[in-house]
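1. I need the structure of the sequence given here:
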Amino acid sequence: MAMLCRKTIGVLSAVALFSSLLLAGCQTEQHEAPAARPAPQVGVVTVQFQHILLTTELPGRTSAYRTAEIRPQVSGLVQKRLFTEGADVREGDVLYQIDPAPFQAALNNARAALGRSQANLPAIRARVARYQKLLADKAVSQQEYDDAVSALSQTEADIAYGKASVETARINLAYTRIKAPISGRIGRSNVTEGAIVTAYQPQALATIQQMDPIYVDVPQSTSELLRLQRRLARGLLDQSGSNQKSVSLVLEDGTQYSLEGTLQFRDITVDPSTGSVNLRVVFPNPEGFLLPNMFVRAIMKEGVDEKALLIPLQAVSRDPKGNPLALIVDSEEKVQQRMLEVDRAIGDQWLVASGLSPGDRVVVEGIQKVRPGASVRAVPFESGAQQGPATSKDGDRSAPSAN
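-> Predicted coordinates for the structure are as follows:
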């Protein structure tokens, strides 16, 4: 009996020990169970309307304001070249001297012929007057009177011809001094002293270019022109500013030209080979820094967008078809996906044409950690140092403007 009691007590002790161990294991498992994961944190920016000046950067080339190719107007021997190649010349300066001797002789001959005709005129006029009186008394025949009148008319015609010949000879003599028709910088001379030149020859003796002011010719594609016209028609741009036609210039080495130009006109004909229209801008060039045919980039003002929506570049991603999209955080702190239409890149931001509204919170940081429909904890996104306006991929450059 005592033996049975000891066995029973041993079994009960084992059961109690096993129960204690089992209970301890359950408590350990309860303590080691993972806690619920907190909602991921994302950085967001709140979209608001902004006032920005939209600009377009287009390639172009400089061209001289005026160009004059110097050609002789009479034939002859070049005696002197009276300018320094590459120097500035003024309108009316003598550039070349052609041998004037033959033209001076022609002028003297024309003057002598004119003098001879003028010397005969008084006698012939007096003869006509006498014959007119004698004709009334029938002292001379009608034929004699008619011959005298004809001689007078011929002499007067000779005098007129002589005067024209003298003027022609005088003009030709003056043409032996080849003068600058415009002020500007003259290039190299294509002839030297002793060369024989002919009137209106195909080869220019030299070329003068006026470079202050100077033109910048900028081609604008018709697609860009149509896009601008649509934005204006929809009232998205304001072009009423007084400096709307002012244009900035970026040189070939990336530096900005110190003076602003003025848009002079937009051509009305499309170039069929390029599908573009030409814009002509006039820039002051007092120091002669800009030379003809330099490659430049002109920054054209499109207008002011009073209700622009800008979001950081990293907030926009693409779907498999390449369409832009963004993630926003709604009022329930859940992520929603929005399809966007973007206009252009402005510095480190996208200009959004449609898909967002003022007040939307766009996810900028932590996009890889969330999916549409997920709950998140939104915090304001803190960007790094702000960057200035930069050129976009399509050649546009825009800058925010103060309200």
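2. Off-centre distance for the helix or strand harbouring Leu95?
-> In this structure, Leu95 sits in strand 94-98 according to DSSP states H and E. Taking C-alpha atoms, centre = their mean, to the nearest Å, one finds the center of strand 94-98 at 39 Å from the center of the full chain.
3. One more: stretch 170-182?
-> Worked out by C-alpha atoms, centre = their mean, stretch 170-182 lies 38 Å from the chain centre.
4. Stretch 259-274 too?
-> The chain centroid and the centroid of stretch 259-274 are separated by 7 Å under C-alpha atoms, centre = their mean.
5. What is the end-to-end distance of that stretch?
-> The first and final residues of stretch 259-274 sit 29 Å from each other (C-alpha to C-alpha, to the nearest Å).
6. Let me know the helix or strand that the residue lying closest to Gly187 once chain neighbours are set aside is in.
-> For Gly187, the nearest residue in space outside its immediate sequence neighbours is Thr207; the separation is 4.9 Å by C-beta to C-beta, 6 or more residues apart in numbering. Yep, even glycine has a C-beta here, placed from its N, CA and C like the rest. Using DSSP H and E, the secondary-structure element containing Thr207 is strand 206-221.
7. buried ones in that strand?
-> 206-216, 218-220 (16 or more other C-beta atoms under 10 Å).
8. In terms of model confidence, name the weakest of the residues you listed.
-> Lowest pLDDT of those: Gln220, 86.
9. List the beta-bridge partners for it.
-> Here Gln220 sits in beta bridges with Val277, as judged by DSSP bridges.
10. State the distance from it to Arg297.
-> Between Gln220 and Arg297 the distance, using C-beta to C-beta, to the nearest Å, works out to 13 Å.
11. list residues touching both of these two?
-> Residues touching both Gln220 and Arg297 (C-beta atoms under 8 Å, 6 or more residues apart in numbering): Leu58.
12. domain parsing for the protein?
-> Structural domains assigned to the chain are 46-63+210-400, 73-97+178-203, 100-175, following automatic domain parsing.
13. mind listing the helices for the chain?
-> 2-32, 101-136, 142-175, 222-233 (DSSP state H).
14. name the helices or strands packed onto the strand holding Thr207?
-> strand 49-70, strand 184-186, strand 276-283, strand 295-312 (3 or more C-beta pairs under 8 Å, 6 or more residues apart in numbering; DSSP states H and E).
15. Nearest to Ala119, out of those?
-> Proximity to Ala119, assessed across those by C-beta to C-beta, is greatest for strand 49-70 (41.8 Å).
16. what angle sits between the closest one and helix 222-233?
-> Computed by axes from the mean of the first three to the mean of the last three C-alpha atoms, to 10 degrees, the angle separating strand 49-70 from helix 222-233 equals 130 degrees.
17. switch to numbering from 454
-> Noted, 454 is the first residue going forward, which turns the last one into strand 502-523.
18. What is strand 502-523 packed up against?
-> strand 637-639, strand 659-674, strand 729-736, strand 748-765, strand 852-853.
19. Among these, show the one with the smallest mean pLDDT.
-> strand 852-853 (a mean of 44).
20. Isn't Gln550 up against Arg630?
-> Yes: counting by C-beta atoms under 8 Å, Gln550 touches Arg630, with 6.0 Å between them.
21. show me where pLDDT drops low in the stretch 604-753 of the chain?
-> Applying pLDDT under 70 to the stretch 604-753 of the chain flags residues 687-697.
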